[in-house]
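Q: Quick one: sequence plus predicted model below, questions after.
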Amino acid sequence: MRVVIIGGVAGGMSAATRLRRLSEDIEIIVLEKGPYVSFANCGLPYYVSGEITERSELILQTPEQLKKRFNIKVYTETEAVEIDRQNKTVQTNSKGKEETISYDQLILSPGAQPIVPEIEGLSQATNLHTLRNVPDVDKIVETVKREQPKQVVVIGAGFIGLEMAESLKHLEMDVTLVEAAPQILPPLDEEMAAFVEKELIQNGITVYKGAAASAFKDSGKIIELSTGETITSDFTILSIGVKPSSELAQAAGLETGLRDGILVDEAYRTSDPAIYAVGDAIVVKQQITGEAALISLASPANRQGRQVADVIMGVERKNQGSIGTAIVRVFNLAAASTGLSERQLRNDKIDYKVVHTTSKSHAGYFPGSQSIVMKLLFHPVSGKIFGAQAVGADGVDKRIDIIATAIKAGMTVIDLPELEFTYAPPFGSAKDPVNMIGYAAANILEGFSENIQYYELKAAIENGALLLDVRNPNELTNNGALPQAKNIPLDELRAHLDELPKNQEIIVSCQSGQRSYLAERILKNNGFTVKNLDGAFQLYSMIYPQEVIK
């Protein structure tokens, strides 16, 4: 049997090597239109900054190594230009030389390509770059060394955009980040992304939100924004997202779906039973909702490549879909998410509850502990976990990985406090941040606490609620006060209960939400109607800094 694989990076190469491990009898041919296979595209921004010092570290395997170790025939700089489904052949072009290769089974792993929108003057911008592969990074590094640009613009504040902004700033450039959406880092919700924006600004990056690039002038040196502002750029990175590279599949008559992604079944078969597809180019099932999704991440692509090889070799495997778990480092901060965001839940009209907590990465009394702000989204009745987000300087990856595993395992928020983790002061806390957010969610699920979100506070006060801040007076002096808030420190609350109305809703706040929960319980146990401001002053002041009274 001959298996031909189109695309030799994550999904394609995982399929090729797994096929060989399962059988020495099949012939495996990999066609890659670029000059390299099996390269670390996720590491490219860190090579730009010099954090990865050796270019060779990005090249995981060469065609020669793959031939020696796996007996796989790899053809680089060989583009598949046409699929003849009837005759089971692929027409290729390698530097002008055409060849027809037959197949018994065909795997498509063409990946995704940068979105390049139609913008006035874009095609004439000589200083514009995208980053998707090794030739792209070579061009960027060469241009930076040769031209030594000073004013750099990164268009798009997703994962790659943020990584490139940081990398270029490390090269001592003036970096401006432009994002068309109202917030940076769209996979996160607004209040969580605000922590990342603050980190960018503190490290000298200029951030424009709600500002799309509308025109490029003077060969790209002048960028006009949709807000009417103009910015100067010596060097521009375009990073506004990717789209499936499905042109070859569409030309062959294979069925496509969401944003032209290739449609596959649970065994990765396309509409042609002899053709399979994996990776960034396919439509997957969002495992939590069951809806169609495009999830362009390395981990799912590698998993899919391995699974499709199993299917071809007769091992039963099922494409269960993906939940979307990702992380990005921005200077001294990490931001991670898994599952659905609050915005997605709202758009899909799914009933949900949300809770925020702030905990330490390890025992607070042990040196070096850092705060982790976490957000958990769950069903208000069943406790099913929909998603989670976290930002912090340390330990963010561990906590989001745990919750991603809990989602995959079908756990609920009630299960999170039951999870057992290794504990010693340098590594964690006796009550891990995952345990803590589980307790907080369980309190809401079981009716011990009722919270209100930062975006609901103004309306609640307008409707007659009393805002009670239980921080100490020095915290108000040093950090600022919430508008219209009455201040009674938590430790003095019981002595001042007669000052509070029982015929009026009370919303309690502190710095992060923990003390206000304690205040909520004291007040409820004394007959008051109370809600806890979720995330408290920390979140509210992050989104509405202009309203903080100092």
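A: Sure thing, it's come through.

Q: And the most centrally placed residue in the chain, how far from residue 55?
A: Note on the chain: the residue nearest the mean C-alpha position is residue 326, at 4.1 Å, using Cα atoms, centre = their mean. Distance, residue 326 to residue 55, using Cβ to Cβ, to the nearest Å: 25 Å. C-betas here are computed from N, CA, C, even on glycine.

Q: same question, residue 380
A: 51 Å.

Q: Residue 470 now?
A: Where residue 55 is concerned, residue 470 sits at a distance of 56 Å (Cβ to Cβ).

Q: So those two - more neighbours on which side?
A: More neighbours surround residue 470 than the other of residue 470 and residue 55, with 26 against 12 (other Cβ atoms under 10 Å).

Q: Nearest residue to the more buried one in space, ignoring adjacent ones along the chain?
A: Leaving aside its sequence neighbours, residue 470 sits nearest to residue 490 (Cβ to Cβ, 6 or more residues apart in numbering; 4.2 Å).

Q: need the next SSE after the helix or strand containing residue 166, C-terminal direction.
A: Assigned by DSSP states H and E, residue 166 falls within helix 159-170. Once the chain leaves helix 159-170, the next helix or strand it forms, by DSSP H and E, is strand 174-179.

Q: got the CA positions of that following strand in PDB?
A: Extracted in PDB, the C-alpha atoms of strand 174-179 (Å, rounded to 0.1, in the frame of the first residue of the first chain):
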ATOM      1  CA  ASP A 174       9.700  51.000  19.300                       C
ATOM      2  CA  VAL A 175       6.700  48.700  18.900                       C
ATOM      3  CA  THR A 176       3.100  49.600  18.300                       C
ATOM      4  CA  LEU A 177       0.400  46.900  18.500                       C
ATOM      5  CA  VAL A 178      -2.800  47.500  16.500                       C
ATOM      6  CA  GLU A 179      -6.000  45.400  17.100                       C
END
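
Q: Give me the sheet partners of that strand and which way each runs.
A: Applying DSSP bridges, strand 174-179 is found paired with strand 151-155 (parallel), strand 206-209 (parallel).

Q: List the buried residues for it?
A: Within strand 174-179, the residues that count as buried by 16 or more other Cβ atoms under 10 Å are 174, 175, 176, 177, 178, 179.

Q: Looking at that strand now, give me its mean pLDDT.
A: On average, the pLDDT along strand 174-179 is 98.

Q: Which segments of this structure make up each domain?
A: 2-111+243-312, 122-240, 332-445, 451-547 (automatic domain parsing).

Q: I'd like these written out as CSV, with distance to residue 322 added.
A: Shown next, in CSV, are those (distance: least, Cβ to Cβ, whole Å):
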stretch, distance to residue 322
domain 2-111+243-312, 5
domain 122-240, 13
domain 332-445, 10
domain 451-547, 28
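
Q: does residue 93 sit in a helix, a strand or a coil?
A: Here residue 93 is strand, with the state taken from DSSP: H, G, I helix; E, B strand; the rest coil.

Q: And it, how close does it get to residue 2?
A: Taken as Cβ to Cβ, the span from residue 93 to residue 2 is 20 Å.

Q: same check, this time on residue 178
A: Taking Cβ to Cβ, one finds residue 178 at 48 Å from residue 2.

Q: Ok, residue 197 next?
A: For residue 197, the distance to residue 2 - Cβ to Cβ - is 52 Å.

Q: Looking at these two, which is more packed in?
A: Between residue 197 and residue 2, counted using other Cβ under 10 Å, residue 197 has the larger neighbour count: 22 against 15.

Q: dump the residue contacts of residue 277.
A: Residues in contact with residue 277 (Cβ atoms under 8 Å, 6 or more residues apart in numbering) are 107, 108, 109, 249, 254, 262, 264, 268, 270.

Q: which ones are touching the last one?
A: The one in question is residue 270. Taking Cβ under 8 Å, 6+ apart as the test, what residue 270 contacts is 108, 249, 254, 255, 262, 263, 264, 276, 277.

Q: Apart from its chain neighbours, what residue comes closest to it?
A: residue 254 (4.8 Å).

Q: ditto for residue 509
A: Nearest one to residue 509, counting by Cβ to Cβ, 6+ apart, is residue 533 at 4.1 Å.

Q: For the one you found, name its beta-bridge partners.
A: residue 452.

Q: That one: how many residues sit nearby?
A: 28.

Q: how near is it to residue 508?
A: Residue 533 is 7 Å from residue 508, by Cβ to Cβ.

Q: Residue 538 too?
A: Relative to residue 508, and taking Cβ to Cβ, residue 538 is found at 14 Å.

Q: try residue 7
A: Distance from residue 7 to residue 508, by Cβ to Cβ: 55 Å.

Q: surely the residue nearest to residue 470 meets residue 510?
A: Yes: when contacts are counted by Cβ atoms under 8 Å, residue 490 is listed as touching residue 510 (7.0 Å).

Q: So for these two, which sits in the more crowded spot?
A: Neighbours per residue, other Cβ under 10 Å: of residue 490 and residue 510, the larger number sits with residue 510, 24 against 18.

Q: what about the nearest residue to the more buried one once chain neighbours are set aside, how many residues close to it?
A: Nearest residue to residue 510, sequence neighbours excluded (Cβ to Cβ, 6+ apart): residue 516, at 4.2 Å. The tally of other residues near residue 516 (other Cβ under 10 Å) stands at 29.

Q: Could you tell me which residues make contact with residue 516?
A: Applying Cβ under 8 Å, 6+ apart, the residues contacting residue 516 are 470, 508, 509, 510, 532, 533, 536.

Q: Just the element for it, please.
A: helix 514-525.

Q: Just the CA atoms of that helix, as PDB, please.
A: The C-alpha coordinates for helix 514-525 follow below in PDB (Å, rounded to 0.1, in the frame of the first residue of the first chain):
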ATOM      1  CA  GLN A 514     -12.200  36.500  49.100                       C
ATOM      2  CA  ARG A 515     -12.900  38.900  52.000                       C
ATOM      3  CA  SER A 516     -16.100  40.100  50.300                       C
ATOM      4  CA  TYR A 517     -17.300  36.500  50.300                       C
ATOM      5  CA  LEU A 518     -16.700  36.300  54.000                       C
ATOM      6  CA  ALA A 519     -18.600  39.500  54.400                       C
ATOM      7  CA  GLU A 520     -21.400  38.100  52.200                       C
ATOM      8  CA  ARG A 521     -21.700  35.100  54.600                       C
ATOM      9  CA  ILE A 522     -21.700  37.300  57.700                       C
ATOM     10  CA  LEU A 523     -24.500  39.500  56.200                       C
ATOM     11  CA  LYS A 524     -26.600  36.700  54.900                       C
ATOM     12  CA  ASN A 525     -26.400  34.900  58.200                       C
END
